[in-house]
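> Next one to model:
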Amino acid sequence: MSRDPTPAVLVVEDEPLVRMIAADLIADAGWTALEAADAEEALRAIDDHPEVKVLFTDVNMPGPVDGILLAECVHRDHPGMELIVTSGKQHISEDALPDEGTFLPKPYAQADLVRALREKLC
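From the prediction side, this is the model:
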């Protein structure tokens with residue numbers, strides 16, 4: 001009998017150190033963490049990794065697609081995927097996010113990130 005793989009969280013963050021820290025926090029909490037530096041890389045990762053259950057994305061990223069637009073695209077194309085959006089530069093109303101998306105302001109504590117992920121994955 002095959003087991004479902006551990007749910008994965010895709011961390012989309014253009015700052016390598018911030019992305020690495022978030023991925024480490026997620027892995028320390030027991031989930032698989034995948035990383036992407038921008039929206040294009042994130043969309044490829046989602047296509048390549050069906051175990052991704054949560055998109056955790058920064059709002060501000062280089063390129064034509066920011067984190068809000070990425071969340072909208074993912075919600076449209078992968079409606080079962082959970083969404084957590086973060087930013088240290090602006091506050092995003094959860095009403096501005098696709099269905100049941102969560103906003104987590106930076107800087108976030110490990111406990112806050114883990115709590116948000118548990119709400120999405122459990």
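> Closest to the centroid, which residue in the protein?
residue 56 (1.2 Å; C-alpha atoms, centre = their mean).
> Can you pull the phi/psi pair for that residue?
Dihedral pair for residue 56: phi -120, psi 100, per degrees, to the nearest 10.
> cool, and residue 38?
phi -160, psi 180.
> My read is that it contacts residue 14, right?
Yes: between residue 38 and residue 14 there is a contact under C-beta atoms under 8 Å: 6.1 Å. Where C-beta positions appear, they are placed from N, C-alpha and C, glycine not excepted.
> Which of those two has more residues huddled nearby?
With neighbours defined as other C-beta atoms under 10 Å, residue 38 and residue 14 compare such that residue 38 has more, 20 against 17.
> What residue, apart from its backbone neighbours, is nearest the residue nearest to the centre of the chain spatially?
residue 84 (4.6 Å; C-beta to C-beta, 6 or more residues apart in numbering).
> show me where the chain has helices.
16-28, 39-48, 67-77, 110-121 (DSSP state H).
> quick one: the first one to chain centroid distance?
By that I understand helix 16-28. 11 Å (C-alpha atoms, centre = their mean, to the nearest Å).
> how far off helix 110-121 does it point, in degrees?
With axes from the mean of the first three to the mean of the last three C-alpha atoms, to 10 degrees defining the directions, helix 16-28 sits at 60 degrees from helix 110-121.
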